[in-house]
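*Asks:* structure, please.
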Amino acid sequence: MNRLSSFLPLFFVVGLLPSALAQTSRILTCDANATPPVIKAEGITERVGDMVLNCSGGAPGETVTGNFSIFLNVNITNRVVGNTVTGVVFTIDTGSGPQPVATPGVLTNPSGLVYNGLSFQLSSTGTALIRIADLRAAAIELNLTPNANVTAFLGFNANLVSLSNSALTVGTIERGLYSSSADTLICSQAGSPLPTNLTFGNLLSGGTSFASTRVTEGFGDAFEAKSQSDNLNADTGTRIIIQYSNFPAGAQLYAPDVVAGSDALQPTGGGDFGVAASGGQYKPSTNGSLLLARVLNANANGAGGVPVFTPSSPGSGAVSFNNVNPIALTSGSGVLVYEVVDSNPNVVETAQFPTFLGLAPNLVSGSVITTTNVYLAPLSTVETGTANDPIPRFLAVTPLTDCTILGDCNASYLPGLYVDTSAVTITAQAGSTYQVAYVIINNKGGGVLHWSVAIEYVTGSGWLTVSPSSGTNNGGFRLGRIWQTSSSMAVRSRASRQFPSRL
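*Replies:* Next comes the predicted model:
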């Protein structure tokens, strides 16, 4: 349904009656403006920009009374108790500083907020400054369209009030999370040893298998701590959830408690993503630097729990990180949750961390390739204002690869697809037996390359077989066909490069 068409009649000021024009009161003109921030396209409860109405030209000391309305082109997702919206900071300044509005805001539909009977007295110069802040919106309803806007439509049906600029852009969406993996955890017969003393350094030096995950923000302030402006009245800072699955019985996973980001004194890393192997080192600063703290006891969606580390105040001494904790696995699946506890909102930051695998020898036969998924958290599908759902919250949107942001898509530590692109031609006479041809695939980079094959038919369909249709690292596939009539044709194959567990 077109949201705009459903509420346009509510926006415009009722025409002035002749009797009103005859009064000595003057028309109060309110000029509306907003500075739209970039907000996360995956978000359900994104804080949009403040809306400011600069009103002037009214009669000094006059009382203005009317119904003030705000409609968005997406759902409003502040907390709602009954039909009363909470968390919105609505103030009016008539010369004595901003004063909170006591009139409750009522949610009249999922995208409409109305303050019925709003009343205030103009200043001695006939002015008022109205500000609406911390309104939250379901940005995900814009379907991840780059640079799409959240729009607010304002209405004030009070006599002798003229509202200009009633349609305001209050937010522009961009993806908030990008990610890549330098490897995939593969459970093999050889197993993976664990040291007696489980620390980050000992796991690295002891030869424990690990796979690194890298996360990158899509714009400068996409990763924010709870104390930063986007998280006013929020439950947590930005969280990232990592979902693990397909692990065999007996597998153990460990992850660092704290991850120092790209602008820390020493970023955390396993040594396989172009950063030296280190548990990381961090020093609090005025500008901030990216720091992720693990959230223990979070639920399966990434909500609840408390970060294990809180930074000290700027100017405090440097802190080094070496602690790890297990990731609980149930039926081969588990979750890891990190929360942003510090960041610099003025630069695009990235962070990486290894997940360590402990596995006794001969617990599996052959090799088991596991799965890892990364999302902004907490995860939710609730796109309306509610009383108890977490703020912020996000739809489970698979991130795009961050190598395009960081410029390392061709780096040697990432998988690289090589396929022999020579045309494959199979020729046979009628009645011939099953004919085959082979295509070679190699991983020219690091980590683990997962590849798959698709057949594009020029004419007909179903006359060609491919085996296997997918694989890992170096190998290839076989094309086959039983010929019924004399024919000669070229077959083109397509292999798709995949970053492990990401694309």
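*Asks:* which stretches in the stretch 1-150 of the chain count as strands?
*Replies:* For the stretch 1-150 of the chain, the strands defined by DSSP state E, counting those that start in this stretch occupy 28-34, 38-40, 46-47, 51-56, 63-72, 80-81, 84-85, 89-93, 99-100, 105-109, 112-121, 128-133, 136-137, 149-156.
*Asks:* quick one: closest of those to Ser162.
*Replies:* With Cβ to Cβ as the criterion, Ser162 lies closest to strand 28-34 of those, at 4.8 Å. Quick note: C-beta positions are derived from backbone N, CA and C, even for glycine.
*Asks:* what mean pLDDT does the closest one get?
*Replies:* Taken as a whole, strand 28-34 has a mean pLDDT of 96.
*Asks:* one more: stretch 135-154?
*Replies:* Average pLDDT, stretch 135-154: 97.
*Asks:* buried set for it?
*Replies:* Along stretch 135-154, the positions that meet the burial threshold by neighbour count (16 or more other Cβ atoms under 10 Å) are 135-142, 148-154.
*Asks:* farthest pair within those?
*Replies:* Of all pairs drawn from those, the one with the longest distance (Cβ to Cβ) is Ile140 and Leu154, at 23.4 Å.
*Asks:* related to what we said a few turns ago, now, which of the buried residues of stretch 135-154 sits nearest Phe309?
*Replies:* Of all these, Arg136 has the smallest distance to Phe309: 27.6 Å, by Cβ to Cβ.
*Asks:* what's across from that closest one in the sheet?
*Replies:* Each beta-bridge partner of Arg136 is listed here, defined by DSSP bridges: Arg47.
*Asks:* Lys40 is in contact with that one, correct?
*Replies:* No - counting by Cβ atoms under 8 Å, Arg136 sits too far from Lys40 to count as a contact (11.8 Å).
*Asks:* between the two, which contacts overlap?
*Replies:* With contacts taken as Cβ atoms under 8 Å, 6 or more residues apart in numbering, Arg136 and Lys40 have Glu46 as neighbours in common.
*Asks:* who are the neighbours in contact with the nearest residue to Ser227 once chain neighbours are set aside?
*Replies:* Leaving aside its chain neighbours, Ser227 sits nearest to Gly237 (7.7 Å; criterion: Cβ to Cβ, 6 or more residues apart in numbering). Gly237 sits next to 224-228, 231, 339-341 when contact means Cβ under 8 Å, 6+ apart.
*Asks:* which residues in the chain form helices?
*Replies:* In the chain, the helices defined using DSSP state H lie at 3-7, 18-21, 200-205, 403-406.
*Asks:* which of those comes out lowest on mean pLDDT?
*Replies:* helix 18-21 (a mean of 40).
*Asks:* number of nearby residues for the nearest residue to Gly288 once chain neighbours are set aside?
*Replies:* Excluding its sequence neighbours, the residue lying closest to Gly288 (Cβ to Cβ, 6+ apart) is Asn344, at 4.4 Å. By the criterion of other Cβ atoms under 10 Å, Asn344 has 19 neighbours.
*Asks:* can you check Thr108 too?
*Replies:* Look at Thr108: counted by other Cβ under 10 Å, it has 15 neighbours.
*Asks:* quick check: it touching Val114?
*Replies:* Yes - here Thr108 lies in contact with Val114, judged by Cβ under 8 Å, at a distance of 5.2 Å.
*Asks:* if we can go back for a sec, so which of the strands of the stretch 1-150 of the chain gets nearest Leu194?
*Replies:* Set against Leu194 and scored by Cβ to Cβ, those come closest in strand 38-40, at 37.2 Å.
*Asks:* list the contacts of the closest one.
*Replies:* Under the contact criterion Cβ under 8 Å, 6+ apart, strand 38-40 has outside partners 46-48, 137, 139, 150, 171-177, 218-219, 221-222, 376, 394.
*Asks:* cool, stretch 200-212 as well?
*Replies:* Taking contacts as Cβ under 8 Å, 6+ apart, the residues outside stretch 200-212 that touch it are 181-186, 192-195, 254, 256, 269-273, 277, 279, 321-324, 352-359, 372, 500.
*Asks:* could you give me the average pLDDT of stretch 408-418?
*Replies:* For stretch 408-418, mean pLDDT rounds to 75.
*Asks:* and the end-to-end length of that stretch?
*Replies:* Between the start and the finish of stretch 408-418 there is a gap of 17 Å, counting by Cα to Cα, to the nearest Å.
*Asks:* so who does the closest residue to Lys283 other than its chain neighbours touch?
*Replies:* Here the nearest residue to Lys283 in space, its sequence neighbours aside, is Ala318; by Cβ to Cβ, 6+ apart that works out to 4.2 Å. Ala318 makes contact with 265, 281-283 under the criterion Cβ under 8 Å, 6+ apart.
*Asks:* could you do Ala360 as well?
*Replies:* Contacts of Ala360 were listed using Cβ under 8 Å, 6+ apart, and they are 191, 250.
*Asks:* measure it to Val324 for me?
*Replies:* 19 Å (Cβ to Cβ, to the nearest Å).
*Asks:* again with Val81
*Replies:* Val81 sits 42 Å away from Val324 when distances are taken as Cβ to Cβ.
*Asks:* comparing these two, which residue is more hemmed in?
*Replies:* The residue with the greater number of neighbours, taking Val81 and Val324 and applying other Cβ under 10 Å, is Val324; the counts read 23 against 12.
*Asks:* that concludes my questions; thank you for your assistance.
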